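K.L.:
dropping the sequence and predicted coords here.
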Number of protein chains: 2
Amino acid sequence: MNSDNSWITLKDTVVYENKWIRIHHRDIINPNGGKGIYGLVHFKNFAIGIVPIDENGYTYIVGQYRYPLNRYSWEIPEGGGPENEDILKSAKRELKEEIGAVAKKWFLIQELDLSNSATDEISYIFLAGDLTFYSTEHEETELLEIKKIKVEELIKMVIKGEIRDSISVAAGLKLFQLIAAKSPLISENFPQLLLIDITQL
Amino acid sequence: MNSDNSWITLKDTVVYENKWIRIHHRDIINPNGGKGIYGLVHFKNFAIGIVPIDENGYTYIVGQYRYPLNRYSWEIPEGGGPENEDILKSAKRELKEEIGAVAKKWFLIQELDLSNSATDEISYIFLAGDLTFYSTEHEETELLEIKKIKVEELIKMVIKGEIRDSISVAAGLKLFQLIAAKSPLISENFPQLLLIDITQL
């Protein structure tokens, strides 16, 4: 077995494109040597997820009606950054836009390939601390509801399945892991979270 | 604020379709009343992820070159089920196909909306126990590498970022949470996992 790329692309046709995605129809030879096709969804933006944490151990979640799922969804603050933009810059802009906060401390805690069977979308998840609040700057297509909750409540919502968005689930469970393992990242920057009793979640 | 659907669809055009996805271009009115467009990626299959666990606390991970990412990826056994198929039936078939195992115990531990800004893809993650092994039945397009590792090694790979696939990350972190919280699901069905020292992960 090898870990080299054993897919061969014979022909590439762009069949759809908008501001956010570009769909490629490819004629390919698969790793077993068989001819086939691949429909690839290219994302023009990477995804950003942020868990902002204040000095009292509160965070903020965002509720919105997600059009593709036809369902209301509670999530950590999320947004997108253009592929050539600095990731941290995108994260700072999104936090400001979504909940009106500026954070002085930033920690990248998780990278995710969101849906790798058909898309190349990648997500970066941050913890953000030392928050100052200003007014929000929601994009005109968004209608968002913001809720301030304890970090343990966020983790509970993930564990109970009340939060299903993959970025938010990974963020909540990663935060649980960092707290449970008494990670230096938590003890040095978010000591307020060490008070959370993980056996009560 | 309300949690009703405040998106209005004016026109729907299918712009691309293959065996796995269908792309809709929609003219819409967004929740703020503005006219716009939405490119929606419909997945014809839900995604399945399975963590098979044997009596000695080993699991199996699968390595493959992921075409959309142009990168090799280690993941838990994964596959897809047609939208009208029973989820558990799909999970059983995928476990048999990917690693040749039949499991008597099945537990749905997590549901995920994988990439809800543009797609409707949903994933179901299972723990599977009481395993019997037969030969594998890989799909002809797949070239897979299978590795048998301790469950703690899987969790470590997630924590270290060596595993990035969203389904596998959620599975590994959820397993960490279930073990750390000494969940009855673990103590009653996978007592071998209670021996894992989570502070060493």
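P.N.:
Arrived safely, thanks for sending.
K.L.:
and chain A, split by domain according to the record?
P.N.:
Per automatic domain parsing, the structural domains of chain A span A:8-43, A:45-200.
K.L.:
pull up the distance across the last one, start to finish.
P.N.:
Spelled out, that is domain A:45-200. Criterion C-alpha to C-alpha, to the nearest Å; first-to-last residue distance in domain A:45-200 is 38 Å.
K.L.:
please enumerate the helices of chain A.
P.N.:
Counting by DSSP state H, the segments of chain A that form helices are A:87-99, A:151-159, A:166-180, A:184-189.
K.L.:
which stretch among these comes nearest residue A:41?
P.N.:
Comparison of the helices of chain A against residue A:41 by C-beta to C-beta identifies helix A:166-180 as nearest, at 15.3 Å. Just so you know, the C-beta spots here come from the backbone N, C-alpha and C atoms, and that holds for glycine as well.
K.L.:
if we can go back for a sec, so can I have JSON lines of the domains of chain A showing distance to residue B:193?
P.N.:
Below are the domains of chain A laid out as JSON lines (distance: least, C-beta to C-beta, whole Å):
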{"stretch": "domain A:8-43", "distance to residue B:193": "34"}
{"stretch": "domain A:45-200", "distance to residue B:193": "15"}
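K.L.:
could you single out the most deeply buried of those domains?
P.N.:
Neighbour counts averaged per stretch over those are highest for domain A:45-200, at a mean of 19; criterion: mean count of other C-beta atoms under 10 Å in any protein chain shown.
K.L.:
what average pLDDT does that one get?
P.N.:
Mean pLDDT, computed over domain A:45-200, is 95.
K.L.:
wait, which of the domains of chain A is closest to residue B:45?
P.N.:
domain A:45-200 (8.7 Å).
K.L.:
now residue A:76. Its backbone dihedrals?
P.N.:
For residue A:76, the backbone dihedrals (degrees, to the nearest 10) come out as phi -70, psi 160.
K.L.:
one step back: dump the helices of chain A to CSV, plus distance to residue A:121.
P.N.:
Converted to CSV, the helices of chain A look like this (distance: least, C-beta to C-beta, whole Å):
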stretch, distance to residue A:121
helix A:87-99, 14
helix A:151-159, 20
helix A:166-180, 10
helix A:184-189, 26
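K.L.:
still on that earlier bit, dump the domains of chain A to CSV, plus distance to chain B.
P.N.:
Compiled in CSV, these are given as follows (distance: least, C-beta to the nearest C-beta, whole Å):
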stretch, distance to chain B
domain A:8-43, 3
domain A:45-200, 3
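K.L.:
out of those domains, which is closest to residue B:63?
P.N.:
When the domains of chain A are compared for distance to residue B:63 using C-beta to C-beta, the nearest one is domain A:8-43, at 11.6 Å.
K.L.:
residues in contact with residue A:130?
P.N.:
Listed by C-beta atoms under 8 Å, 6 or more residues apart in numbering or on different chains, the contact partners of residue A:130 are A:103, A:104, A:105.
K.L.:
any chance of these in CSV, with distance to residue A:62 too?
P.N.:
Conversion of the contacts of residue A:130 to CSV gives the following (distance: C-beta to C-beta, whole Å):
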residue, distance to residue A:62
A:103, 16
A:104, 21
A:105, 20
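K.L.:
those residues in strands, which ones?
P.N.:
Helix and strand membership here follows DSSP state E; of the contacts of residue A:130, those in strands are A:103, A:104, A:105.
K.L.:
I figured the last one hits residue A:128, correct?
P.N.:
Yes. Residue A:105 is within contact range of residue A:128, at 6.6 Å (criterion: C-beta atoms under 8 Å).
K.L.:
what residues does the closest residue to residue A:127 other than its chain neighbours make contact with?
P.N.:
Closest residue to residue A:127 in three dimensions, ignoring its sequence neighbours and counting by C-beta to C-beta, 6 or more residues apart in numbering or on different chains: residue A:107, at 4.5 Å. For residue A:107, the residues meeting the contact criterion (C-beta under 8 Å, 6+ apart) are A:126, A:127, A:128, A:129, A:185, A:189.
K.L.:
try it again with 10 Å
P.N.:
Under the criterion of C-beta atoms under 10 Å, 6 or more residues apart in numbering or on different chains, the neighbours of residue A:107 are A:51, A:125, A:126, A:127, A:128, A:129, A:178, A:185, A:186, A:189, A:190.
K.L.:
what does residue A:68 give?
P.N.:
B:24, B:38-43, B:113, B:115-121 are the contacts of residue A:68 under C-beta under 10 Å, 6+ apart.
K.L.:
which one of those residues is nearest residue B:7?
P.N.:
Minimum separation from residue B:7 among those (C-beta to C-beta) is found for residue B:38, which lies at 8.0 Å.
K.L.:
what are the bridge partners for the closest one, then?
P.N.:
Applying DSSP bridges to residue B:38 gives these bridge partners: residue B:26.
K.L.:
can you tell me how far it is from residue A:40?
P.N.:
19 Å (C-beta to C-beta, to the nearest Å).
K.L.:
ok, back up a step: and the contacts of residue A:107 as JSON lines, adding distance to residue B:19?
P.N.:
Rendered in JSON lines, the data for the contacts of residue A:107 read as follows (distance: C-beta to C-beta, whole Å):
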{"residue": "A:51", "distance to residue B:19": "38"}
{"residue": "A:125", "distance to residue B:19": "32"}
{"residue": "A:126", "distance to residue B:19": "37"}
{"residue": "A:127", "distance to residue B:19": "40"}
{"residue": "A:128", "distance to residue B:19": "41"}
{"residue": "A:129", "distance to residue B:19": "46"}
{"residue": "A:178", "distance to residue B:19": "40"}
{"residue": "A:185", "distance to residue B:19": "44"}
{"residue": "A:186", "distance to residue B:19": "45"}
{"residue": "A:189", "distance to residue B:19": "47"}
{"residue": "A:190", "distance to residue B:19": "46"}
